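>>> here is my input, please return the structure:
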Amino acid sequence: MAAARRLKRVVASQPGFLTLNASTNPEDLVSSRRKRVNKNKKKSWHKHSDINDVEEFLEDVRHQERTTGGLLSEKPDDSLFFVDIGQPKTAEQKVDAEPLEEKKRKRKASRPLRIDLILQHDSLVPPPKDVLAFQQPNAKKLRRIAQKAEQLAAKGVVPRRQKQLLNRRPLERTAKRAVTEANNNPDREYYDIWGQETKDTADPWYLQQTGKKLVKRPEKLNEKPSVLPAVEVIAPGGSYNPDFFSHQALLQEAHNIEVVKKKEEDKVERQLAVNREDTATEESILREQVEGLVEEETEEAAAPNEEEEADGAVGAITLSEKKTERQRKREKADKIKEQQRLSDRQQTNQRQQLFQLRSIKASIKKQDQKTKDRQTKRKAKQEAQKAQPRRLGKLKFQAQDLEVKLSDELASTLRQLKPEGSVLKDRFKSLQKRNLIEPRERAKFKRRHKLKYVEKRAFREIT
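Below you'll find the predicted structure:
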């Protein structure tokens, strides 16, 4: 603040400074004596600081910049004053020669409209320079690359990329240039200039590299993830005044859902139930404690017998006699005879199959029918799965509870009807059921630090 006041005094004391406000006296701006007040506290800064003179001075400077484009003291005399020497003689002769009506018409035509004068820019202050418009991304890196390229060019070194472009062989273009067809040709292709699709006549490789050719959209993206509608209409029994039979059918459906839930809960309870036979008793505890102590003697007695049996087996292996030549020939003849018997039996079976063609055709037809039935069931199962939510995450989709009212809860009028459920929850479950988002559960909040209970002073005084 002191620096601004000092600058104001210096500028106002200059003899060439001009003010547009006549009520402002430059001599009054310079105070003769400063008041001595206590400004140690921030509360008294604005109270004892008079900045009106500084604001008036700065406003006067801004006013001069808006109206004249700068300070009047810095303007040359030619821009502030001019010498009036009257109209030139040539202008007087032209005025006498022209009729009075044409003169008025030209004057009216050259005068701008009032709305244009209002919309004109009335400030002579130049707009601020946009620094971001002159900035270039990676300017330092690009400048360094350009300097390096200049140094290599001065040394006569050709960069690797430019060398590859020079060594690149030109493609042999065998395709002929397109010939423009005549306008009166009836077989000429019709081209709609207002159509959405553009007719690409350029090279496909050029269009692909320049990004002007659109990427082909996969057909999979056009398929909906589910065939279910966005809004499912509830059964007629869910109305505020339903028919008796439709309401009973809805109650039966809700009952079946609850029965299935109850069966699942009972199954979990049976699996987690403790069997009384498995509980430990005193006898079972004692048996476990003495296990392995009584059978040691019997094991030691059985060990020598096992060693004797092992010695006998080794002796039997060593005492086995070698087969004679006669035995080998007999085994070979028996093997050839068995193979001949099997081949004769196979030929007999093939001859018998000629008389079983009718039964074979019937079995093949039956097998084909079973295959078709399995394919039909598989397709029906796939179609049914399209209407079911898929497993998109680690959680399984849980259907929303069926909103139904009991017979004694039905309202006679819409005024007495009580709303059930939530629209937001219904839309959220619909998105999960149509495979648009994965099933999820609310994040659990874990407190890092334990809560600390503090008794306030006011409560402590009361108690």
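>>> which SSE is immediately downstream of the helix or strand Val268 falls within?
Following DSSP states H and E, the helix or strand that holds Val268 is helix 244-272. Downstream of helix 244-272, the first helix or strand assigned by DSSP H and E is helix 282-290.
>>> and that next one, how far out from the chain middle?
64 Å (CA atoms, centre = their mean, to the nearest Å).
>>> just the mean pLDDT for it, thanks.
Average pLDDT, helix 282-290: 87.
>>> one more: stretch 42-62?
86.
>>> what's the answer for stretch 325-336, then?
Mean pLDDT, stretch 325-336: 94.
>>> please save the CA atoms from it in CSV.
The C-alpha coordinates for stretch 325-336 follow below in CSV (Å, rounded to 0.1, in the frame of the first residue of the first chain):
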residue,chain,number,x,y,z
GLU,A,325,12.3,-125.7,-27.4
ARG,A,326,9.3,-128.0,-27.6
GLN,A,327,7.3,-125.8,-25.1
ARG,A,328,8.0,-122.6,-27.1
LYS,A,329,6.9,-124.3,-30.4
ARG,A,330,3.7,-125.5,-28.8
GLU,A,331,2.9,-122.0,-27.4
LYS,A,332,3.5,-120.5,-30.8
ALA,A,333,1.2,-123.0,-32.5
ASP,A,334,-1.5,-122.3,-29.9
LYS,A,335,-1.2,-118.6,-30.5
ILE,A,336,-1.5,-118.9,-34.3
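>>> so the chain: which segments form each domain?
If you go by automatic domain parsing, the domain ranges for the chain are 2-31+49-79, 225-252+384-410+420-439.
>>> tell me which stretches of the stretch 251-400 of the chain form strands.
Remark: no strands are assigned in the stretch 251-400 of the chain by DSSP state E, counting those that start in this stretch.
>>> quick one on the thing from earlier: now the domains of the chain in TSV, with mean neighbour count and distance to Leu293?
Just so you know, the C-beta spots here come from the backbone N, C-alpha and C atoms, and that holds for glycine as well. Putting those into TSV (neighbours: other CB atoms under 10 Å; distance: least, CB to CB, whole Å) gives the following:
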stretch	mean neighbour count	distance to Leu293
domain 2-31+49-79	13	102
domain 225-252+384-410+420-439	13	51
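>>> by mean pLDDT, show me the worst of those domains.
domain 2-31+49-79 (a mean of 73).
>>> now the helix holding Val268: how far from the chain's centre is it?
Taking mean C-alpha positions (CA atoms, centre = their mean), helix 244-272 and its chain are 40 Å apart.
>>> in a markdown table: the domains of the chain, plus distance to Leu214.
Conversion of those to a markdown table gives the following (distance: least, CB to CB, whole Å):
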| stretch | distance to Leu214 |
| --- | --- |
| domain 2-31+49-79 | 52 |
| domain 225-252+384-410+420-439 | 24 |
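>>> wait, which of these is closest to Gln339?
Within the domains of the chain, the stretch nearest Gln339 is domain 225-252+384-410+420-439; the backing value is 53.6 Å (CB to CB).
>>> so how far is the closest one off the chain centroid?
With CA atoms, centre = their mean, you get 28 Å for domain 225-252+384-410+420-439.
>>> swap in stretch 451-459?
The gap between where stretch 451-459 is centred and where its chain is centred comes out at 46 Å by CA atoms, centre = their mean.
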